[in-house]
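Q: I need the structure of the sequence given here:
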Amino acid sequence: MHSLKESTTKRLKDVEISVPIVYGTIAFYLGRKASESQSHKWTVYVRGATSEDLGPVIKRVIFQLHPSFNNPTRVVESPPFELSECGWGEFEIAISLFFQPDVCDKQLDLYHHLKLYPEDESGPQSTKKPVVVESYDEIVFPDPSESFFARVQTHPAVTVPRMPASFSISLPSSLENIDERKKGDTKDHPLSQWFMNFSEADELLKLAAARQQVQAHMHKLKRQLSLMDGLPQISKPPSAYE
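A: This is a model prediction of the structure:
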């Protein structure tokens with residue numbers, strides 16, 4: 001678990017936002033198409049623990065490959081945060097996460113060892129079943145900015161605390177539609193069938209998502225009620241014959 005603190009001045013004290021992530025690699029053996037320099041095709045990535053869009057939190061990701069690759073420093077500016085390559089050797093990939101300006105001004109460096117060969121090498125390697133290595137982690141942001149909190153308080157991939165009933169932050173209307181967050185998710189990713197299932201994280205995130213949707217609905221109702229309070233009330237329903 002990593003704890004990062006923001007540099008923005010408008011913060012919510014004694015509040016923590018947790019962002020569960022998964023990072024790893026999926027490697028396919030090329031079989032008959034394999035050569036000495038290219039035996040495997042692999043993909044390295046950072047994704048939400050339940051494949052939700054990480055764009056509201058992460059601005060860009062830099063993958064540092066082995067120096068033998070052309071342009072080994074690869075920058076991915078938008079989700080899904082991933083890249084694919086072909087090669088023959090295993091090596092450590094440095095993964096640097098850079099966050100949205102109102103989230104954190106510090107980068108987070110992660111490290112993942114690319115694995116091409118299965119543990120059981122008793123027979124020929126399959127071209128259909130890849131070698132999958134994934135790591136689960138949680139990034140914790142203490143004292144988040146108000147804008148960050150407002151943007152993710154109903155986001156299924158982010159765990160936010162239950163706030164007091166008296167606490168209120170205006171939620172921009174453009175962020176109220178959860179469907180908009182499907183643009184950067186990885187649920188329909190071609191490799192999603194190989195993603196590992198972190199069951200405990202999935203259950204916790206489902207509960208958090210349900211709670212956040214209820215909170216968003218209550219926020220809408222409260223706003224509608226406050227608007228109605230300022231309107232003249234009809235004492236009785238109008239008659240169809242008047």
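
Q: where does this protein dip in pLDDT?
A: Low-confidence segments of the chain, defined by pLDDT under 70: 3-9, 121-123, 162-188, 192-196, 198-220, 222-242.

Q: please repeat the previous calculation with a cut-off of 80.
A: 1-9, 120-124, 157, 161-242 (pLDDT under 80).

Q: what segments of it are strands?
A: Read by DSSP state E, the chain holds these strands, from start to end of the chain: 2-3, 16-29, 40-48, 58-64, 73-76, 81-87, 92-99, 108-113, 131-142.

Q: quick one: list the elements packing against the fourth one.
A: Right, strand 58-64. Using 3 or more Cβ pairs under 8 Å, 6 or more residues apart in numbering; DSSP states H and E as the contact criterion, the secondary-structure elements in contact with strand 58-64 are strand 40-48, strand 73-76, strand 81-87, strand 92-99. From N, CA and C alone the C-beta is placed, and that goes for glycine too.

Q: can you tell me what sits against the longest one?
A: Pointing back at strand 40-48 there. Contacts of strand 40-48 with the rest of the structure, by Cβ atoms under 8 Å, 6 or more residues apart in numbering, involve 20-30, 34, 54, 58, 61, 63, 80-88, 93, 95, 97, 110, 112, 114, 116, 157, 185-186, 189, 191, 195.

Q: for residue 152, find the nearest of the strands of the chain.
A: Counting by Cβ to Cβ, residue 152 lies closest to strand 16-29 out of those; the figure is 6.6 Å.

Q: who does that closest one touch, helix- and strand-wise?
A: In this structure, strand 16-29 packs against strand 40-48, strand 108-113, strand 131-142, helix 146-152, helix 199-229, with contacts taken as 3+ Cβ pairs under 8 Å, 6+ apart.
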